[in-house]
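Colleague: I would like to see how this sequence folds:
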Amino acid sequence: MSAEKIAAVGANIAEKATMIWNVADMLRGPFKPHEYGLVILPMTVVKRFHDCLLPT
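Modeller: Numbering: from 1, shown residues only. A predicted model of the protein is given here:
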């Protein structure tokens with residue numbers, strides 16, 4: 001792999017990580033730490049159902 005390609009992949013990963021942290025910061029606003037599990041787990045399940053049923 002060339003150095004340019006490695007740098008591009010690293011930048012892409014950094015952008016995605018930044019986006020994930022920004023979303024996490026937005027979720028932390030309305031929810032207290034002890035409420036995170038009440039939101040994250042159900043939303044993860046809903047997202048998985050959505051992805052599985054999308055082709056149908």
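
Colleague: buried residues in the helix or strand where residue 37 lies, which are they?
Modeller: Assigned by DSSP states H and E, residue 37 falls within helix 36-53. Residues of helix 36-53 classed as buried by neighbour count (16 or more other C-beta atoms under 10 Å): none. Yep, even glycine has a C-beta here, placed from its N, CA and C like the rest.

Colleague: give me the residues contacting it.
Modeller: 27, 28, 31 (C-beta atoms under 8 Å, 6 or more residues apart in numbering).

Colleague: from the residues you listed, pick the one nearest residue 54.
Modeller: residue 27 (23.3 Å; C-beta to C-beta).

Colleague: just give the nearest non-adjacent residue to that closest one, would you?
Modeller: residue 39 (6.8 Å; C-beta to C-beta, 6 or more residues apart in numbering).

Colleague: and the one you found, how far is that from residue 49?
Modeller: Separation of residue 39 from residue 49 (C-beta to C-beta, to the nearest Å): 16 Å.

Colleague: what do you get for residue 12?
Modeller: Counting by C-beta to C-beta - residue 12 and residue 49 are separated by 28 Å.
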